[in-house]
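Colleague: Sequence and predicted model, in that order:
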Amino acid sequence: MWTRAELKARAKAVLRGNYWKAFLISLVIGLSTGGSSGGGSSWRTGGLSELDRYGISSSDMSALIVLIISAAVFAFLVGIAINVLLLNPLQVGGRRYFIQSAQYFDNRGCFRFAFDGYNWKGIVGSMFLKNLYIFLWTLLLIIPGIIKGYAYSMVPYILADNPNIGAKRAIELSDNMTRGHKLDMFVLQLSFIGWYLLGALFFFIGGLFVRPYEDATFAELYLTLRQNAIESGMCSLSELNLYYPGQEEYNF
């Protein structure tokens, strides 16, 4: 069993002397996981007579509406493509950095690892399916979507260990790893709110400096859940590309 105090203590130890690099990595993770906000605009017309006054026919207005809708659909598809093809691999690369750092392993080249051809394909497919599952659960009800968000939250970490484990297996393993831990994970996440509120007092950017602490803590959580999964037989060392006893190097 794990406690918040233990995870946070280990995270602080990892960040000591390595904070600013972790800060930059967390900025990338924040970019890759942050939601986009868009403002909507509303406009009203006073009927065809108002349009005619400005020389705008109903056919012109219909064409304009079609153009606006087409542009919106195109922007939406481009946004999805950027998220799937670029931001998701960035997130996995960032998670790998914190996993490596937590074990005091070489943490260089983590983003290069995520964008390596074969690794990139595995990450793109697995993260897309994971996000699709969460989206479909959220369509049912908000609460099931939140629960599945925690259930599948270890997928990026699993892919950071083995990008080619397979989408369904990564989701299944994350679900098994987090079983019985979701409420504790929720409380762990809530425990950072005070820091973010304090950070918001500093021109709303202070929260950025809390993010490495949170990312390092959740990397510690993954390592704990991973160890539990290995010891309980949920997965094997080789399935996660981990070292065997006495093995100096594992080729990815």
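Modeller: Yep, it's here.
Colleague: pLDDT weak spots in the stretch 151-252 of the chain?
Modeller: Within the stretch 151-252 of the chain, the stretches with pLDDT under 70 are 203-204, 244-252.
Colleague: make it 50
Modeller: 246-252 (pLDDT under 50).
Colleague: all helices of it, in order?
Modeller: Listed in chain order, the helices of the stretch 151-252 of the chain (DSSP state H, counting those that start in this stretch) span residues 155-161, 167-178, 182-190, 193-200, 211-232.
Colleague: Give me the distance from the third one to the chain's centre.
Modeller: In this view, helix 182-190 has its centroid 16 Å away from the chain centroid, taken as Cα atoms, centre = their mean, to the nearest Å.
Colleague: tell me the angle of that helix relative to helix 167-178?
Modeller: Computed by axes from the mean of the first three to the mean of the last three Cα atoms, to 10 degrees, the angle separating helix 182-190 from helix 167-178 equals 90 degrees.
Colleague: before we move on, back to that, which of the helices of the stretch 151-252 of the chain sits most buried?
Modeller: helix 155-161 (a mean of 27; mean count of other Cβ atoms under 10 Å). Yep, even glycine has a C-beta here, placed from its N, CA and C like the rest.
Colleague: hmm, back to that, export the helices of the stretch 151-252 of the chain to CSV and append columns for distance to Ser126.
Modeller: What follows is the helices of the stretch 151-252 of the chain, written out as CSV (distance: least, Cβ to Cβ, whole Å):
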stretch, distance to Ser126
helix 155-161, 6
helix 167-178, 4
helix 182-190, 20
helix 193-200, 29
helix 211-232, 16
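Colleague: can you pull the contacts of Ser191?
Modeller: By Cβ atoms under 8 Å, 6 or more residues apart in numbering, Ser191 lies in contact with Arg4, Lys8.
Colleague: again, but for Tyr222
Modeller: Arg95, Ile99, Met154, Tyr157.
Colleague: so how many other residues sit close to the second one?
Modeller: Ile99 sits with 21 neighbouring residues when counted by other Cβ atoms under 10 Å.
Colleague: What secondary structure category should be reported for it?
Modeller: helix (DSSP: H, G, I helix; E, B strand; the rest coil).
Colleague: how far away is it from Leu242?
Modeller: 11 Å (Cβ to Cβ, to the nearest Å).
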